[in-house]
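Chemist: Sequence first, predicted model second:
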Amino acid sequence: MDKVVDINYFELFAGYALMLIPVLILWYYKTGLVKDTIVSTIRMTIQLLLVGVYLEYIFKLNNAAINIVWVVIMSLIASYTIIRRTGLKFRLFFIPVLFSGIISIAVTDAYFLGYVIKLNNIFDARYFIPITGMLMGNTLRTIIIALDAYYIRIDEEENYYRWHLANGATHNEALHPFMRDALKKAFNPTIATTAVMGLISLPGMMTGQILGGSEPSVAVKYQIMLIITIFSSAIMNVVLTILFSNRIAFDAYDNLKKDIFRK
Amino acid sequence: MVEPQRLIYMIKIKNLNISFQNEVIFKDFSLSLNKGEKLALTGESGRGKTTLLNVIAGFIPHFEGNVEVCGIQQDATTVREIRKKIAWLPQDTSLNSKTVEELLYTPFEFALNKDLKPGKEDVFSLFSKFNLTEDMLYKKVKEISGGQKQRIILLSCLLLKKPLLLVDEPTSALDENVKKIVTDYILSIKDLTVIASTHDEYWIKNSDKVIEL
């Protein structure tokens, strides 16, 4: 197979011209998102370039402890990003979000890397870091949607929640419809995307592997496993985050604490 | 008339003090209610009628004073036990159920009430008493009126057969003739203790006790 065509820095810069389209559209419709778009694009560029440099070293070292530290750092940043994007208070939700993320990633990574593809060393940087990164990146959106849907709805529909409690529901029973709706809201888009995968979208990892020289049949198998792993990890992460955070979000009378939301 | 030696306090509130954002809602408020008594809470909006119902159901934990429900002193360790003895009709009846059947039976999905799930015969018998037709059970909630919805939730509360019924404006969406039917029925249930927040003259007139807040 031919070596992948590199993109030189001039070409990379030329590629940014495509960003003029979203910037102009967002500016024309006065969305107020132009600044955020430019800042996020610059952040993305700097972060990825730095990651490129770090990963080269990390891949060369391939030390399990360093790889784990790297993943923990990614988890810390992911947890920070999740809470910043929701309307919830950082100091209350950081620990539940972080621990749920680490547990769900540990379980799915161990199963996929250890059992499915049977790596001798599941902390092998070439697999452990990109696979975990994909899991985290793809899980972020679902957790943000689920957390927002769950807590905002309990707050807005306090009457409905109390109707359950005051008519004999246990705390878990009263929360059940909110958990169900949060899962539906968070995972409906994932299910829809999964259903048309390959028909109207070629997923990122598979495209990357093919560009990098892998056989399409191998790339497809990895992609299938990755979609399943992401789904499983994301749903575990959402449920654990909600279950862990329930412990701090309600008072001893099962009332939702009003001070969990940022003002 | 209940004989004095058989009196059982269903509700005993002593020196209740509640303030919200420096506004005093209750100051040294006391109340006792015996088993089977019907209490109407009246007064202008914002005077604390719904707040008192919420205090009894354990939704307002931060208060000064002593609240005893069904012989149980209310605190964080007993509030769940107290709620097992309550049926509650909220003022806002938008309760997210898609069908009338779901709305009626939701409380019977909880482990505590599973064995109490009524058969269709009991349900339809109450339907007819409350001027509701049997086909209504199979309708969507959006197809029925506010008054019909209010009666369905009330029926659900009554079918739970709890000793204490808390109702917030229970007849607010009902027509005059239906109001009378529903009021007469609920206020005539002998062992049921009822606390209602209401502006309804007929309900107030027929209650055992009236407290104007």
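Modeler: Happy to help now that I have it.

Chemist: part of a strand, is residue B:28?
Modeler: Yes: counting by DSSP: H, G, I helix; E, B strand; the rest coil, residue B:28 falls inside a strand.

Chemist: Enumerate the positions of the lowest-mean-pLDDT helix or strand in chain A that are buried.
Modeler: The helix or strand with the lowest mean pLDDT-type score in chain A, counting by mean pLDDT, DSSP states H and E, is helix A:204-211 (a mean of 80). Buried residues in helix A:204-211, defined by neighbour count with 16 or more other CB atoms under 10 Å in any protein chain shown: A:205-206, A:208-210. Where C-beta positions appear, they are placed from N, C-alpha and C, glycine not excepted.

Chemist: Can you get me the start-to-end distance on stretch B:123-140?
Modeler: Terminal residues of stretch B:123-140 lie 17 Å apart, using CA to CA, to the nearest Å.

Chemist: Just list the residues touching the closest residue to residue A:157 other than its chain neighbours, thanks.
Modeler: The shortest distance from residue A:157 to any non-neighbouring residue, by CB to CB, 6 or more residues apart in numbering or on different chains, is to residue B:96 (7.0 Å). The contact partners of residue B:96, by CB atoms under 8 Å, 6 or more residues apart in numbering or on different chains, come to A:157, A:160, A:177.

Chemist: ok, so of those residues, who is nearest residue B:42?
Modeler: residue A:160 (26.5 Å; CB to CB).

Chemist: wait, doesn't that closest one sit right on residue B:93?
Modeler: No: in this structure, residue A:160 is not within contact of residue B:93 by CB atoms under 8 Å, at 10.1 Å.

Chemist: follow-up on the earlier one: where does the residue nearest to residue A:157 land in three-state SS?
Modeler: The three-state assignment at residue B:96 reads coil, by three-state DSSP.

Chemist: From residue B:106, how far off is it?
Modeler: To residue B:106, residue B:96 is 9 Å away according to CB to CB, to the nearest Å.

Chemist: Which positions in the longest helix anywhere in chain A come out as buried?
Modeler: Secondary structure of chain A read by DSSP state H shows that its longest helix is helix A:216-249. Residues A:219-223, A:226-227, A:229-242, A:244-246, A:249 are the ones in helix A:216-249 that count as buried (16+ other CB under 10 Å).

Chemist: quick one: it to chain centroid distance?
Modeler: 9 Å (CA atoms, centre = their mean, to the nearest Å).

Chemist: Next: stretch A:99-118.
Modeler: Distance, centroid of stretch A:99-118 to centroid of chain: 15 Å (CA atoms, centre = their mean).

Chemist: Now do the same for residue A:1: its pLDDT.
Modeler: On pLDDT, residue A:1 comes in at 50.

Chemist: For the host helix or strand of residue A:73, list every residue counted as buried.
Modeler: Per DSSP states H and E: residue A:73 is located in helix A:64-85. For helix A:64-85, burial by neighbour count (16+ other CB under 10 Å) applies to A:67, A:70-71, A:74-75, A:78-79, A:82-83.

Chemist: And for stretch B:157-164?
Modeler: Residues of stretch B:157-164 classed as buried: B:157-160, B:162-164 (neighbour count, 16+ other CB under 10 Å).

Chemist: Run through the residues you listed and flag the ones next to chain A.
Modeler: B:157, B:160, B:162 (CB under 8 Å from any CB of the partner chain).

Chemist: closest to residue B:71 among those?
Modeler: Nearest to residue B:71 out of those is residue B:162 (CB to CB; 14.3 Å).

Chemist: thought that closest one was touching residue B:86?
Modeler: Yes: counting by CB under 8 Å, residue B:162 touches residue B:86, with 5.7 Å between them.

Chemist: and for those two, which residues touch both?
Modeler: Common contact partners of residue B:162 and residue B:86 (CB under 8 Å, 6+ apart): residue A:168.

Chemist: shaky segments in chain B?
Modeler: B:1-7 (pLDDT under 70).

Chemist: Show me what from it comes close to chain A.
Modeler: By CB under 8 Å from any CB, the residues of chain B that approach chain A are B:54, B:57-59, B:61, B:76-77, B:79-80, B:83-84, B:86-88, B:90-92, B:94-96, B:106-107, B:109-113, B:156-157, B:160, B:162, B:166.

Chemist: Mark which of those residues are buried, thanks.
Modeler: By 16+ other CB under 10 Å, the residues of chain B next to chain A give B:54, B:57-59, B:79-80, B:83, B:86-88, B:90, B:95, B:106-107, B:110, B:112-113, B:156-157, B:160, B:162, B:166 as buried.

Chemist: Which members of those are positioned in helices?
Modeler: B:54, B:79-80, B:83, B:156-157.

Chemist: For the stretch 1-150 of chain A, which residue gets nearest to chain B?
Modeler: Closest to chain B within the stretch 1-150 of chain A is residue A:149: 13.7 Å, counting by CB to the nearest CB.

Chemist: Break chain A down into its structural domains.
Modeler: Per automatic domain parsing, the structural domains of chain A span A:7-61, A:62-260.

Chemist: Give the residue farthest from the middle of chain A.
Modeler: Farthest-out residue of chain A from its mean C-alpha position, per CA atoms, centre = their mean: residue A:167, at 37.2 Å.

Chemist: Quick check: that residue touching residue B:110?
Modeler: Yes: with contact defined as CB under 8 Å, residue A:167 counts as touching residue B:110 (7.3 Å).

Chemist: isn't the residue of the stretch 1-150 of chain A closest to chain B right up against residue A:180?
Modeler: No: taking contacts as CB under 8 Å, residue A:149 lies outside contact range of residue A:180: 10.5 Å.

Chemist: These two - which one has more neighbours?
Modeler: residue A:149 (19 against 10; other CB atoms under 10 Å in any protein chain shown).

Chemist: And the pLDDT for that one?
Modeler: For residue A:149, the predicted pLDDT is 92.

Chemist: List the contacts of it.
Modeler: Per CB under 8 Å, 6+ apart, neighbours of residue A:149: A:181-182, A:185-186.

Chemist: so which of those comes closest to residue A:132?
Modeler: For the contacts of residue A:149, the nearest to residue A:132 is residue A:186 (20.3 Å; CB to CB).

Chemist: That closest one and residue A:146 touch, don't they?
Modeler: Yes: applying CB under 8 Å as the test, residue A:186 and residue A:146 come out as touching, 3.8 Å apart.

Chemist: so where do the helices sit in chain A?
Modeler: A:9-15, A:20-28, A:34-61, A:64-85, A:90-109, A:125-156, A:158-165, A:171-195, A:204-211, A:216-249.

Chemist: again, but for chain B
Modeler: B:49-56, B:79-83, B:100-105, B:120-129, B:146-159, B:176-187, B:201-206.

Chemist: what's the residue positioned nearest the centre of chain B in contact with, if anything?
Modeler: Residue closest to the average C-alpha location in chain B (CA atoms, centre = their mean): residue B:166, at 2.1 Å. Neighbouring residues of residue B:166 by CB under 8 Å, 6+ apart: A:166, B:53, B:56-57, B:86-89, B:195.

Chemist: which one of those sits closest to residue A:198?
Modeler: Among those, and counting by CB to CB, the member closest to residue A:198 is residue A:166, at 49.6 Å.
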